[in-house]
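only geometry, no sequence info:
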Ligand code: FCA
């Protein structure tokens with residue numbers, strides 16, 4: 001090779017090594033890692049909580065954070081979930097706890113791990129029985145929503161022309177949970193305010209907050225209270241009412257003799273879609289996707305901008321029935 005060629009090729013090599021790498025290798029400054037936020041719910045099998053997660057996913061997409069969804073059916077799983085969030089570098093979590101009395105332990109664990117906490121639906125209670133009011137909370141206007149359920153029962157009873165003397169109310173309760181107690185107290189207060197006799201309103205406690213739990217509770221009551229022609233049926237959520245409606249069916253009551261009203265509006269869609277009406281008349285719909293979105297958004301802004309969330313935010317409800325549920329839930333993005 002001539003000296004000239006050698007010099008030229010050396011020059012080319014030198015130029016090539018000095019020049020910038022091809023654009024495809026130039027990735028620019030590394031993207032900051034996405035923030036991770038948890039969303040922990042006590043009953044992941046309940047559609048209500050699945051729709052909350054859906055709302056939280058919308059917030060995650062909007063703000064570009066990673067959402068870690070974990071089901072926490074008991075205390076042990078709850079504390080383990082917080083450990084796992086911390087190990088994964090999460091900055092905080094929204095939680096609907098399986099037991100409100102776990103509140104102080106959850107707060108202590110979250111603090112130790114530097115995680116921010118927002119509660120949704122079920123508010124933490126301290127050892128003294130009072131709410132932990134310094135932990136941000138978002139949930140239903142429980143009393144108001146209960147009252148709407150009670151008014152709906154009374155109005156539908158009037159529309160059907162039932163006499164109070166032929167009718168009784170079966171209210172499935174879960175009084176150890178404040179939001180549940182406030183709802184069922186609201187139902188009872190509204191029934192009485194509408195003139196329904198207090199001594200024909202029967203409470204029956206459910207041991208578990210699912211359909212089998214309310215079915216058992218209502219069955220026990222129906223076995224005791226014979227001689228009732230028509231039943232008004234309600235509870236703290238759709239499952240509470242659905243189980244009780246199933247119990248009326250099992251005890252021989254026709255759909256025409258039962259008016260059931262639920263709360264949530266998310267867990268009764270198959271029921272409202274049934275070709276013939278059942279005793280389940282409708283539900284007070286409160287927006288689960290909105291609650292999931294808002295709590296996640298609050299948490300994100302708290303973590304990233306230091307914007308403190310409001311300590312107590314309440315959401316409202318509206319009646320859905322077989323007639324309007326599709327239209328309402330389409331607007332809500334549920335259907
Ligand atoms: C409680 C109930 C849920 C839902 C929520 C808003 O957590 O268990 O079904 O009603 O409040």
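Happy to help now that I have it. As the structure is a computational prediction, the values presented were derived from the model and not from experiment. Numbers count the residues shown, from 1 in each chain.

right, and the helix or strand after the lowest-mean-pLDDT helix or strand in the chain?
The weakest-scoring helix or strand in the chain, judged by mean pLDDT, DSSP states H and E, is helix 3-18 (a mean of 45). If you walk from helix 3-18 toward the C-terminus, the next helix or strand you reach (DSSP states H and E) is strand 36-41.

residues from the stretch 1-150 of the chain in reach of the ligand?
The stretch 1-150 of the chain comes close to the ligand at residues 46, 48, 96, 121, 122, 140, as judged by CB under 6 Å from any ligand atom. Where you see a C-beta, it was placed from the backbone N, CA and C, and this is true even at glycine.

now, which of the residues you listed sits nearest the ligand?
Closest to the ligand out of those is residue 121 (3.8 Å), distances taken as CB to the nearest ligand atom.

mind listing what the closest one touches?
96, 139, 140, 179, 291 (CB atoms under 8 Å, 6 or more residues apart in numbering).

surely residue 205 meets residue 175?
Yes - using CB atoms under 8 Å, residue 205 makes contact with residue 175 at a distance of 6.8 Å.

common neighbours of these two, please.
Shared contacts of residue 205 and residue 175, defined by CB under 8 Å, 6+ apart, are not found at any residue.

can you show me the helices along the stretch 201-335 of the chain?
211-224, 238-250, 269-273, 288-305, 325-331 (DSSP state H, counting those that start in this stretch).

most neighbours out of the residues of the stretch 1-150 of the chain next to the ligand, which is it?
residue 121 (27 neighbours; other CB atoms under 10 Å).

remind me which residues of this structure are low pLDDT?
1-27 (pLDDT under 70).

quick one, strands of it?
Along the chain, counting by DSSP state E, strands occupy 36-41, 66-71, 92-96, 116-120, 137-140, 167-173, 201-205, 230-234, 258-264, 280-285, 312-315, 318-321.

looking at the ones you listed, spot the one closest to residue 270.
Closest approach to residue 270 among those (CB to CB): strand 280-285, 10.3 Å.

other SSEs contacting the closest one?
helix 142-159, helix 238-250, strand 258-264, helix 269-273, strand 318-321, helix 325-331 (3 or more CB pairs under 8 Å, 6 or more residues apart in numbering; DSSP states H and E).

okay, those, which one's buried deepest?
When you average the neighbours per residue for each of the helices and strands packed on strand 280-285 (mean count of other CB atoms under 10 Å), strand 258-264 leads with a mean of 28.

if we can go back for a sec, right, and the helices of the stretch 201-335 of the chain - which one's nearest residue 70?
Closest approach to residue 70 among those is made by helix 288-305 (13.9 Å; CB to CB).

rewinding a little: which pair in the residues of the stretch 1-150 of the chain next to the ligand spans the largest distance?
Farthest pair in these (CB to CB) is 46 and 140. Separation: 14.4 Å.

including distance to residue 110, could the strands of the chain go into JSON lines?
Below are these laid out as JSON lines (distance: least, CB to CB, whole Å):
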{"stretch": "strand 36-41", "distance to residue 110": "10"}
{"stretch": "strand 66-71", "distance to residue 110": "14"}
{"stretch": "strand 92-96", "distance to residue 110": "7"}
{"stretch": "strand 116-120", "distance to residue 110": "5"}
{"stretch": "strand 137-140", "distance to residue 110": "15"}
{"stretch": "strand 167-173", "distance to residue 110": "31"}
{"stretch": "strand 201-205", "distance to residue 110": "32"}
{"stretch": "strand 230-234", "distance to residue 110": "35"}
{"stretch": "strand 258-264", "distance to residue 110": "27"}
{"stretch": "strand 280-285", "distance to residue 110": "31"}
{"stretch": "strand 312-315", "distance to residue 110": "19"}
{"stretch": "strand 318-321", "distance to residue 110": "34"}
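
and residue 306, which of those strands is closest to it?
strand 116-120 (10.2 Å).

pull up the pairing partners for the closest one, direction included.
According to DSSP bridges, strand 116-120 forms sheet pairs with strand 92-96 (parallel), strand 137-140 (parallel).

pick the most buried one from these.
By mean count of other CB under 10 Å, the strands paired with strand 116-120 have strand 92-96 as the most buried, with a mean of 26.

just want the angle from it to strand 36-41.
Angle, strand 92-96 to strand 36-41, by axes from the mean of the first three to the mean of the last three CA atoms, to 10 degrees: 10 degrees.

got the contact list for strand 92-96?
So strand 92-96 is contacted by 37-42, 49, 52, 56, 68, 72, 78, 82, 85, 106, 110, 115-122, 292, 295-296, 299, 302-303 (CB under 8 Å, 6+ apart).

measure residue 72 to residue 104 for me?
Residue 72 sits 16 Å away from residue 104, going by CB to CB, to the nearest Å.

can you pull the residues of the stretch 151-300 of the chain lying near the ligand?
Contact residues, the stretch 151-300 of the chain versus the ligand (CB under 6 Å from any ligand atom): 179, 209, 237, 264.

next up, phi/psi of the third one, please.
Going back to what we said before, that points to residue 237. phi -160, psi -180 (degrees, to the nearest 10).

hmm, it is touching residue 261, no?
No - using CB under 8 Å, residue 237 is not in contact with residue 261, being 11.0 Å away.
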